[in-house]
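Colleague: Please work out how this folds:
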Amino acid sequence: MTMNRRRSLHTLALAATSLAVWPGAAAWAQPSATPLTPGGKAVRILVGFPPGGGSDAIARILADKLKTLLGVPVVVENRPGAGGQIAAQELKRSAADGTTLFLSHDHTISILPLVMKNPGFQPEQDFTPVVGVASFVNGLAVSAGTPAKTLAQYVDWIKQHGGGKGVVGIPAPASTPEFLVQLLARRYQIDLVSAPYRGSAPMLADMMGNQIAAGVGSVPDMIEYQRSGKVRMLAVLGGQRQAVLPDVPTLAELGLPGLEEMPYFGIFAPHGTPAAFIERFSSATAQVLAQPAVAQQLTAMGLSVGHMSAQQLASRERAYTQVWRKLIQESGFQPQ
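Modeller: Numbers count the residues shown, from 1 in each chain. Prediction:
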């Protein structure tokens, strides 16, 4: 046997060993021979918000990696407007063949059906959960010009300098931030008024310009401004402190329990989408989320990255919706 022949056999043996000790490596190497979609058509991932936002960034990070694993083009299409309602309605109208998906978070899937009489879709009837990709939390922040460094100091500041009255920015009306503002007002017996914006960006711009003293929004939307000292987060929802904000307490720590269920980012398909597609797409997404570079990107955005199967996402959606259904009813809000 020649030296080159021995080297070739040794190289093949090493490659086989690598595949044996890394389960799933073959799946990473090449997509299945069975087309994922009819005729190998592209998979559209709808996003209900403009390019550049958190939902858009997550979708594009995933799509870039999924196209290789799935063997078909995966493209992101933005359908912004009405808090994701337009994109959700587009999903409902789409064929249940795997060619159209919807990456969304709790506001569109859980909250809109609770605060609107006719959102144009009902998640339980019209959508099928495919895979969950991450969780996040909302929190209360103050502008750099507001002297409070804790929630207690903020409440005292409102009482002493605002006569017990204050304005808190929220990214959208009839959203979880609005109901959280009401909850804080009742808990601390102060008069807080929600100021709704068209998204987090204009709200944060007014906070940084000291036009409003405080705002409620998601950690992914606020984290960069927190890091640069342009806003100061005082408290977050969820069952534990966030890894990117280890010094910021939860509201439960501060005596306001019941808000431990965290919002989620998940991918949904039209009702009736084949189970084989859902399983294959979910498995590929799990592989993408396990890539260190992807996990690092998403974690830096203030997300808690973690794969959820279709069943786990459905359970998570039900639990979260149940918590906020109760809170919204207790607030006296009537669906519009």
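
Colleague: List the buried residues of stretch 316-331.
Modeller: Neighbour-count burial for stretch 316-331 flags 316, 317, 320, 321, 324, 327, 328 (criterion: 16 or more other CB atoms under 10 Å). Glycine gets a C-beta too; all of them are placed from N, C-alpha and C.

Colleague: Of those residues, which pair is most distant in space?
Modeller: 316 and 328 (18.3 Å; CB to CB).

Colleague: re the thing from before, with the buried residues of stretch 316-331 in mind, which one is nearest to residue 84?
Modeller: Residue 84 lies nearest to residue 317 out of the buried residues of stretch 316-331, by CB to CB, at 14.1 Å.

Colleague: Let's check: the centremost residue of this protein is which one?
Modeller: The centre of the chain sits closest to residue 265, judged by CA atoms, centre = their mean, with a distance of 3.3 Å.

Colleague: so how far is the helix or strand that it is a member of off the chain centroid?
Modeller: Element membership for residue 265, per DSSP states H and E: strand 264-270. With CA atoms, centre = their mean, to the nearest Å as the basis, strand 264-270 stands 10 Å off its chain's centre.

Colleague: again, but for stretch 58-71
Modeller: Centroid displacement of stretch 58-71 relative to its chain, using CA atoms, centre = their mean, is 17 Å.

Colleague: Could you pull out the buried residues of it?
Modeller: Counting neighbours by 16+ other CB under 10 Å, stretch 58-71 gives 58, 59, 60, 61, 62, 63, 65, 66, 67, 69, 70, 71 as buried.

Colleague: Which ones among those residues lie within helices?
Modeller: Counting by DSSP state H, these place 58, 59, 60, 61, 62, 63, 65, 66, 67, 69, 70 in helices.

Colleague: Quick check: the second one touching residue 47?
Modeller: Yes. With contacts counted by CB atoms under 8 Å, residue 59 reaches residue 47, the gap being 5.0 Å.

Colleague: would a markdown table of the buried residues of stretch 316-331 with pLDDT, distance to residue 42 and secondary structure be doable?
Modeller: Below are the buried residues of stretch 316-331 laid out as a markdown table (pLDDT from 0 to 100; distance: CB to CB, whole Å; DSSP: H, G, I helix; E, B strand; the rest coil):
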| residue | pLDDT | distance to residue 42 | secondary structure |
| --- | --- | --- | --- |
| 316 | 94 | 28 | helix |
| 317 | 95 | 27 | helix |
| 320 | 94 | 31 | helix |
| 321 | 95 | 31 | helix |
| 324 | 94 | 35 | helix |
| 327 | 91 | 40 | helix |
| 328 | 93 | 38 | helix |
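
Colleague: which one of these sits closest to residue 131?
Modeller: Nearest member of these to residue 131, counting by CB to CB, is residue 316, at 11.4 Å.

Colleague: nearest spatial neighbour of the closest one, skipping sequence neighbours?
Modeller: residue 264 (5.5 Å; CB to CB, 6 or more residues apart in numbering).

Colleague: On the strand side of things, show who that neighbour bridges to.
Modeller: Per DSSP bridges, the residues bridged to residue 264 are residue 135.

Colleague: immediately after the strand holding residue 265, which helix or strand?
Modeller: Along the chain past strand 264-270, the next helix or strand (assigned with DSSP H and E) turns out to be helix 275-289.
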